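S.K.: just a sequence and a predicted model for now, questions to come.
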Amino acid sequence: MMNHTEIPIREKNIVLIGFMGVGKTTIGRLVAKKLYRDFIDIDEEIEKTYNMPVTQIFKELGEKKFRQMEREIITKICSNTRLKIIALGGGAYLQEEVRKVCLSKCIVYFLDLSWDSWKERLPLIINSRPVLQNKTLDEIEALFFKRRAAYSLHNSKVSTNDLDPETAANYIVDSLITAWDLYQPLSIVNNE
C-alpha cells in the first residue's frame, strides 16, 4: 500500500542525535537560524511540559518515567509538525519507537565525536547530566560506545571532532540543500 501522506523532503523535520555534550543544541540552533526554522530542544520541551527540570525528573520520578515522557513528546512532535530542527537528548534515540518515528518522518543527522574529543568536554557537562552522576570514567566510556549502535541508524553523519559549531551547522545546511535539490528540485515543486 502506498503512503499518500508522504512528507515532501523539503518539509521534513531535521533531527540531531548523538551523545550528550556533542553540541546538538548549539548546532541545532544555528541550523534553525540558517534555514529560518523553529528549533526544539526535547529536554527543554519536557521541562516546559512537566514544569520540572530534567535533573529533578530523574531524581524524583526515575529514568524510566523520564524516557516515557521523552518518547511521548518526540513522537508527538515528529508526527504532527514540519519544518522544525529538533535536538534529541543523548539517550532518547536508544528507544526503538523514537528511532522509528524519527527515521520515518524526519531526516536524522548523527553528530559524531570521538571518545578522546568528547572526554575533553566532560568537566563542562557532568553536573548537568543526570545519567553521568556517580559514574566512573570507565562506566561513562562504556555508555558512550554502547549508544553508538543506536546512533548508527541515521540518514547522515557529521564528524564534529575538528569542527566548530558554525562550520558543523554550515555543513548540515549545505548537505540538506544538496539533497533537496537532488530529490525534489524546486522546478518540480513549483510546477505542481
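M.R.: Received it, and whenever you're ready, just let me know what you need.
S.K.: and stretch 83-103, C-alpha only, in PDB?
M.R.: Coordinates of each C-alpha in stretch 83-103 appear next as PDB, following Å, rounded to 0.1, in the frame of the first residue of the first chain:
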ATOM      1  CA  LEU A  83       9.900  22.300   9.100                       C
ATOM      2  CA  LYS A  84      11.500  22.100  12.600                       C
ATOM      3  CA  ILE A  85      15.100  21.400  13.800                       C
ATOM      4  CA  ILE A  86      14.900  19.100  16.700                       C
ATOM      5  CA  ALA A  87      17.700  18.100  19.100                       C
ATOM      6  CA  LEU A  88      17.200  14.900  21.000                       C
ATOM      7  CA  GLY A  89      18.600  14.100  24.400                       C
ATOM      8  CA  GLY A  90      21.600  11.700  24.200                       C
ATOM      9  CA  GLY A  91      19.600   8.600  25.400                       C
ATOM     10  CA  ALA A  92      16.300   9.300  23.600                       C
ATOM     11  CA  TYR A  93      17.400   7.600  20.400                       C
ATOM     12  CA  LEU A  94      18.000   4.300  22.200                       C
ATOM     13  CA  GLN A  95      14.300   3.700  22.300                       C
ATOM     14  CA  GLU A  96      13.100   1.800  19.200                       C
ATOM     15  CA  GLU A  97       9.800   3.800  19.000                       C
ATOM     16  CA  VAL A  98      11.800   7.000  18.900                       C
ATOM     17  CA  ARG A  99      14.100   5.700  16.200                       C
ATOM     18  CA  LYS A 100      11.200   4.500  14.100                       C
ATOM     19  CA  VAL A 101       9.300   7.800  14.200                       C
ATOM     20  CA  CYS A 102      12.400   9.900  13.500                       C
ATOM     21  CA  LEU A 103      13.600   7.800  10.600                       C
END
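S.K.: which residues of this protein score low on pLDDT?
M.R.: 1-5, 186-192 (pLDDT under 70).
S.K.: now do the helices in it.
M.R.: Taking DSSP state H, the helices of the chain run over residues 24-35, 42-50, 54-61, 63-80, 96-105, 115-119, 122-125, 137-151, 165-183, 186-191.
S.K.: tell me what the fourth one is packed against?
M.R.: By that I understand helix 63-80. Secondary-structure packing of helix 63-80 (3 or more C-beta pairs under 8 Å, 6 or more residues apart in numbering; DSSP states H and E): strand 13-17, helix 42-50, helix 54-61, strand 84-87, helix 96-105. Every residue, glycine included, has its C-beta placed from N, CA and C.
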